[in-house]
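# have a look; sequence and predicted model below, questions after that.
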Amino acid sequence: MSNIKKKLYQNIIVKKAGLPVYHTLKRSRSFSSKNYWESRYKKGGNSGAGSYGRLAKFKAQYLNDFAKKNKINNVLELGSGDGSQLKLFDFKNYIGFDVSKSSIDLCLKIYDKDKTKSFFLYDPEYFRDNHKIFKVDLSMSLDVIYHLVEDNVFEKYMKDMFAMSNKFVIIYASNTNDNKKVQAQHVRHRKFTDWVKMNQKNWKLVTSVENKFKVESNEIDESFADFYVYKKI
(Lines give C-alpha, C1' and ligand atoms only; values in the text may rest on other atoms or scores of the structure.)
Protein backbone atom coordinates (compact mmCIF):
# COMPACT_ATOMS: atom_id res chain seq x y z
CA MET A 1 0.00 0.00 0.00
CA SER A 2 1.37 3.40 -0.94
CA ASN A 3 2.07 6.09 1.67
CA ILE A 4 -0.70 8.23 0.17
CA LYS A 5 -3.26 5.46 0.56
CA LYS A 6 -2.10 4.74 4.10
CA LYS A 7 -2.67 8.36 5.05
CA LEU A 8 -6.10 8.33 3.41
CA TYR A 9 -7.16 5.23 5.31
CA GLN A 10 -5.84 6.66 8.58
CA ASN A 11 -7.76 9.89 8.02
CA ILE A 12 -10.95 7.95 7.34
CA ILE A 13 -10.63 5.95 10.56
CA VAL A 14 -10.02 9.11 12.58
CA LYS A 15 -12.83 11.05 10.93
CA LYS A 16 -15.53 8.36 11.14
CA ALA A 17 -16.00 8.82 14.87
CA GLY A 18 -16.56 12.54 14.44
CA LEU A 19 -18.39 12.59 11.11
CA PRO A 20 -21.86 13.38 12.51
CA VAL A 21 -20.54 16.44 14.34
CA TYR A 22 -18.25 17.45 11.46
CA HIS A 23 -20.98 17.36 8.81
CA THR A 24 -23.45 19.15 11.09
CA LEU A 25 -21.03 22.00 11.72
CA LYS A 26 -20.08 22.26 8.03
CA ARG A 27 -23.64 22.52 6.75
CA SER A 28 -24.61 25.82 5.14
CA ARG A 29 -28.07 27.13 4.33
CA SER A 30 -26.70 28.79 1.19
CA PHE A 31 -24.91 25.68 -0.10
CA SER A 32 -24.22 25.65 -3.84
CA SER A 33 -22.98 22.48 -5.56
CA LYS A 34 -21.37 24.59 -8.30
CA ASN A 35 -19.49 26.75 -5.77
CA TYR A 36 -18.48 23.69 -3.78
CA TRP A 37 -16.73 22.05 -6.74
CA GLU A 38 -15.12 25.25 -7.95
CA SER A 39 -13.72 25.87 -4.47
CA ARG A 40 -12.57 22.25 -4.18
CA TYR A 41 -10.65 22.27 -7.46
CA LYS A 42 -9.31 25.77 -6.93
CA LYS A 43 -7.78 24.65 -3.63
CA GLY A 44 -6.05 21.72 -5.34
CA GLY A 45 -8.68 19.06 -4.62
CA ASN A 46 -9.54 16.29 -7.06
CA SER A 47 -12.61 14.55 -8.44
CA GLY A 48 -12.72 12.01 -5.64
CA ALA A 49 -11.70 8.41 -5.04
CA GLY A 50 -13.94 7.07 -7.82
CA SER A 51 -11.72 8.65 -10.46
CA TYR A 52 -8.62 6.83 -9.29
CA GLY A 53 -7.36 3.32 -8.62
CA ARG A 54 -9.38 0.18 -9.20
CA LEU A 55 -12.71 2.02 -9.42
CA ALA A 56 -11.43 4.17 -12.29
CA LYS A 57 -10.07 1.08 -14.04
CA PHE A 58 -13.37 -0.75 -13.61
CA LYS A 59 -15.35 2.13 -15.12
CA ALA A 60 -12.91 2.61 -17.98
CA GLN A 61 -12.91 -1.07 -18.93
CA TYR A 62 -16.70 -1.19 -19.07
CA LEU A 63 -17.05 2.05 -21.02
CA ASN A 64 -14.25 1.27 -23.47
CA ASP A 65 -15.76 -2.14 -24.19
CA PHE A 66 -19.21 -0.60 -24.61
CA ALA A 67 -17.94 2.05 -27.03
CA LYS A 68 -16.12 -0.54 -29.12
CA LYS A 69 -19.02 -2.99 -29.19
CA ASN A 70 -21.59 -0.31 -30.13
CA LYS A 71 -19.33 1.55 -32.57
CA ILE A 72 -19.45 4.80 -30.60
CA ASN A 73 -17.62 7.63 -32.34
CA ASN A 74 -18.46 10.65 -30.17
CA VAL A 75 -18.77 10.76 -26.41
CA LEU A 76 -19.84 13.62 -24.17
CA GLU A 77 -19.29 13.57 -20.43
CA LEU A 78 -21.37 15.94 -18.33
CA GLY A 79 -19.06 16.39 -15.36
CA SER A 80 -15.53 15.79 -16.65
CA GLY A 81 -13.83 16.75 -13.39
CA ASP A 82 -10.05 16.89 -13.13
CA GLY A 83 -9.42 14.73 -16.22
CA SER A 84 -7.85 11.84 -14.31
CA GLN A 85 -10.51 9.28 -15.25
CA LEU A 86 -10.30 10.46 -18.85
CA LYS A 87 -6.70 9.19 -19.11
CA LEU A 88 -8.07 5.63 -19.09
CA PHE A 89 -10.74 6.14 -21.75
CA ASP A 90 -10.28 4.97 -25.33
CA PHE A 91 -12.80 7.04 -27.28
CA LYS A 92 -12.41 8.38 -30.81
CA ASN A 93 -13.74 11.81 -29.88
CA TYR A 94 -14.54 13.21 -26.44
CA ILE A 95 -16.30 16.34 -25.18
CA GLY A 96 -16.07 17.27 -21.52
CA PHE A 97 -18.41 19.66 -19.67
CA ASP A 98 -17.98 20.78 -16.07
CA VAL A 99 -19.38 23.48 -13.78
CA SER A 100 -15.96 24.27 -12.37
CA LYS A 101 -13.79 26.74 -14.24
CA SER A 102 -10.72 25.46 -12.40
CA SER A 103 -11.32 21.85 -13.46
CA ILE A 104 -11.84 22.87 -17.10
CA ASP A 105 -8.65 24.92 -16.96
CA LEU A 106 -6.83 21.88 -15.61
CA CYS A 107 -8.14 19.62 -18.39
CA LEU A 108 -7.24 22.17 -21.06
CA LYS A 109 -3.66 22.11 -19.83
CA ILE A 110 -3.42 18.32 -19.50
CA TYR A 111 -4.88 17.62 -22.95
CA ASP A 112 -3.55 20.71 -24.70
CA LYS A 113 -2.08 18.75 -27.63
CA ASP A 114 -4.84 16.15 -27.90
CA LYS A 115 -7.09 17.23 -30.77
CA THR A 116 -9.60 14.44 -30.12
CA LYS A 117 -10.75 16.13 -26.91
CA SER A 118 -12.75 19.33 -26.34
CA PHE A 119 -13.81 21.00 -23.09
CA PHE A 120 -16.51 23.50 -22.20
CA LEU A 121 -17.61 25.29 -19.05
CA TYR A 122 -21.13 24.17 -18.16
CA ASP A 123 -23.54 26.41 -16.31
CA PRO A 124 -27.00 24.76 -16.39
CA GLU A 125 -28.74 28.08 -15.78
CA TYR A 126 -27.17 29.64 -18.87
CA PHE A 127 -26.97 26.62 -21.18
CA ARG A 128 -29.55 26.39 -23.99
CA ASP A 129 -28.67 24.26 -27.00
CA ASN A 130 -31.78 24.91 -29.10
CA HIS A 131 -29.85 24.39 -32.34
CA LYS A 132 -28.62 20.94 -31.24
CA ILE A 133 -24.97 21.88 -31.64
CA PHE A 134 -23.94 19.20 -29.18
CA LYS A 135 -25.12 15.82 -30.47
CA VAL A 136 -23.18 12.63 -29.76
CA ASP A 137 -23.56 8.86 -29.89
CA LEU A 138 -23.17 8.58 -26.14
CA SER A 139 -23.58 11.07 -23.30
CA MET A 140 -22.56 9.94 -19.85
CA SER A 141 -22.59 10.91 -16.19
CA LEU A 142 -20.03 9.33 -13.88
CA ASP A 143 -20.26 9.86 -10.11
CA VAL A 144 -22.13 13.14 -10.62
CA ILE A 145 -25.86 12.76 -9.99
CA TYR A 146 -25.53 12.17 -6.24
CA HIS A 147 -23.64 15.47 -6.05
CA LEU A 148 -26.48 17.47 -7.63
CA VAL A 149 -27.97 18.68 -4.38
CA GLU A 150 -30.36 21.31 -5.74
CA ASP A 151 -33.55 20.07 -7.44
CA ASN A 152 -33.45 22.64 -10.25
CA VAL A 153 -29.80 21.80 -11.00
CA PHE A 154 -30.61 18.08 -11.10
CA GLU A 155 -33.60 18.62 -13.42
CA LYS A 156 -31.67 20.76 -15.91
CA TYR A 157 -28.64 18.49 -15.84
CA MET A 158 -30.73 15.41 -16.63
CA LYS A 159 -32.62 17.13 -19.44
CA ASP A 160 -29.39 18.37 -21.01
CA MET A 161 -27.69 15.00 -20.79
CA PHE A 162 -30.48 13.12 -22.56
CA ALA A 163 -30.97 15.91 -25.12
CA MET A 164 -27.32 15.75 -26.18
CA SER A 165 -27.33 12.09 -27.19
CA ASN A 166 -28.67 10.44 -30.33
CA LYS A 167 -28.22 6.84 -29.20
CA PHE A 168 -27.12 6.06 -25.65
CA VAL A 169 -26.94 7.58 -22.17
CA ILE A 170 -24.86 5.89 -19.48
CA ILE A 171 -25.19 6.87 -15.84
CA TYR A 172 -22.87 5.66 -13.10
CA ALA A 173 -24.38 6.64 -9.77
CA SER A 174 -26.31 5.52 -6.73
CA ASN A 175 -30.02 4.97 -7.36
CA THR A 176 -31.86 5.49 -4.10
CA ASN A 177 -33.63 8.17 -2.12
CA ASP A 178 -32.07 6.92 1.11
CA ASN A 179 -30.19 9.91 2.53
CA LYS A 180 -28.68 10.08 6.01
CA LYS A 181 -28.70 13.19 8.19
CA VAL A 182 -24.97 12.90 8.83
CA GLN A 183 -23.80 12.59 5.22
CA ALA A 184 -21.73 15.33 3.59
CA GLN A 185 -23.72 18.30 2.34
CA HIS A 186 -22.40 17.88 -1.22
CA VAL A 187 -24.00 14.42 -1.38
CA ARG A 188 -27.67 13.75 -2.09
CA HIS A 189 -28.73 10.35 -3.34
CA ARG A 190 -31.56 10.22 -5.87
CA LYS A 191 -33.57 7.40 -7.41
CA PHE A 192 -32.97 8.89 -10.84
CA THR A 193 -34.50 5.94 -12.70
CA ASP A 194 -37.93 7.15 -11.55
CA TRP A 195 -37.20 10.59 -13.02
CA VAL A 196 -36.20 9.07 -16.36
CA LYS A 197 -39.40 7.00 -16.53
CA MET A 198 -41.49 10.10 -15.94
CA ASN A 199 -39.60 12.57 -18.12
CA GLN A 200 -37.83 10.70 -20.92
CA LYS A 201 -40.45 8.58 -22.67
CA ASN A 202 -38.25 8.04 -25.72
CA TRP A 203 -35.54 6.34 -23.70
CA LYS A 204 -35.43 2.77 -22.38
CA LEU A 205 -33.24 1.28 -19.65
CA VAL A 206 -31.62 -1.64 -21.46
CA THR A 207 -29.22 -2.87 -18.76
CA SER A 208 -27.70 -2.16 -15.38
CA VAL A 209 -24.33 -3.42 -14.19
CA GLU A 210 -23.22 -3.54 -10.57
CA ASN A 211 -19.74 -2.29 -9.80
CA LYS A 212 -17.31 -4.89 -8.50
CA PHE A 213 -16.40 -3.00 -5.36
CA LYS A 214 -19.47 -2.34 -3.24
CA VAL A 215 -19.19 -0.17 -0.13
CA GLU A 216 -18.26 -2.31 2.86
CA SER A 217 -15.40 -0.93 4.89
CA ASN A 218 -13.63 2.01 3.22
CA GLU A 219 -14.28 5.07 1.08
CA ILE A 220 -11.21 4.81 -1.15
CA ASP A 221 -11.63 1.64 -3.20
CA GLU A 222 -15.39 1.05 -2.87
CA SER A 223 -18.49 2.73 -4.28
CA PHE A 224 -22.28 2.75 -3.96
CA ALA A 225 -22.61 3.57 -7.69
CA ASP A 226 -23.59 1.20 -10.51
CA PHE A 227 -23.93 1.48 -14.29
CA TYR A 228 -27.31 2.21 -15.92
CA VAL A 229 -27.50 2.14 -19.71
CA TYR A 230 -30.30 3.86 -21.62
CA LYS A 231 -31.04 3.56 -25.32
CA LYS A 232 -33.13 5.88 -27.44
CA ILE A 233 -36.24 4.23 -28.86
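Done, it's in.
# where does the chain have low pLDDT?
For the chain, the stretches with pLDDT under 70 are 1-29, 219.
# can you map out the helices along it?
For the chain, the helices defined by DSSP state H occupy 3-26, 33-42, 53-69, 101-110, 151-163, 192-199.
# TSV for the ones you listed, including distance to Ile170?
No exception for glycine: its C-beta is placed from N, CA and C like everyone else's. Below are the helices of the chain laid out as TSV (distance: least, CB to CB, whole Å):
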stretch	distance to Ile170
helix 3-26	28
helix 33-42	21
helix 53-69	7
helix 101-110	20
helix 151-163	10
helix 192-199	12
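# could you export these as JSON lines, including mean neighbour count and distance to Arg128?
Output for those, formatted as JSON lines (neighbours: other CB atoms under 10 Å; distance: least, CB to CB, whole Å):
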{"stretch": "helix 3-26", "mean neighbour count": "12", "distance to Arg128": "34"}
{"stretch": "helix 33-42", "mean neighbour count": "18", "distance to Arg128": "17"}
{"stretch": "helix 53-69", "mean neighbour count": "17", "distance to Arg128": "28"}
{"stretch": "helix 101-110", "mean neighbour count": "18", "distance to Arg128": "19"}
{"stretch": "helix 151-163", "mean neighbour count": "17", "distance to Arg128": "9"}
{"stretch": "helix 192-199", "mean neighbour count": "14", "distance to Arg128": "18"}
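# those helices: which one's closest to Pro124?
Minimum separation from Pro124 across the helices of the chain (CB to CB) falls at helix 151-163, 4.0 Å.
# which strands and helices lie in contact with that closest one?
strand 74-78, strand 136-142, helix 192-199 (3 or more CB pairs under 8 Å, 6 or more residues apart in numbering; DSSP states H and E).
# which residues does Ala173 bridge with?
Note on Ala173: beta-bridge partners by DSSP bridges are Asp226.
# what's the neighbour count on it?
23 (other CB atoms under 10 Å).
# among the helices and strands packed on helix 151-163, which is nearest Lys117?
That would be strand 74-78 among the helices and strands packed on helix 151-163, by CB to CB, at 9.9 Å.
# distance from the closest one to the middle of the chain?
Counting by CA atoms, centre = their mean, to the nearest Å, strand 74-78 is centred 12 Å from the centre of its parent chain.
# and stretch 213-221, by the same measure?
Using CA atoms, centre = their mean, the offset of stretch 213-221 from its chain centre is 17 Å.
# same deal with stretch 121-140?
16 Å.
# now do the end-to-end distance for that stretch.
End-to-end distance of stretch 121-140: 16 Å, with CA to CA, to the nearest Å as the criterion.
# neighbouring contacts of it?
34, 63, 66-67, 70-78, 95, 97-99, 101, 104, 153, 156-157, 160-172 (CB atoms under 8 Å, 6 or more residues apart in numbering).
# list the buried residues for that stretch?
122, 124, 134, 136-140 (16 or more other CB atoms under 10 Å).
# pull the most distant pair out of the residues you listed.
That would be Pro124 and Asp137, which, of the buried residues of stretch 121-140, are the farthest apart (CB to CB) at 22.5 Å.
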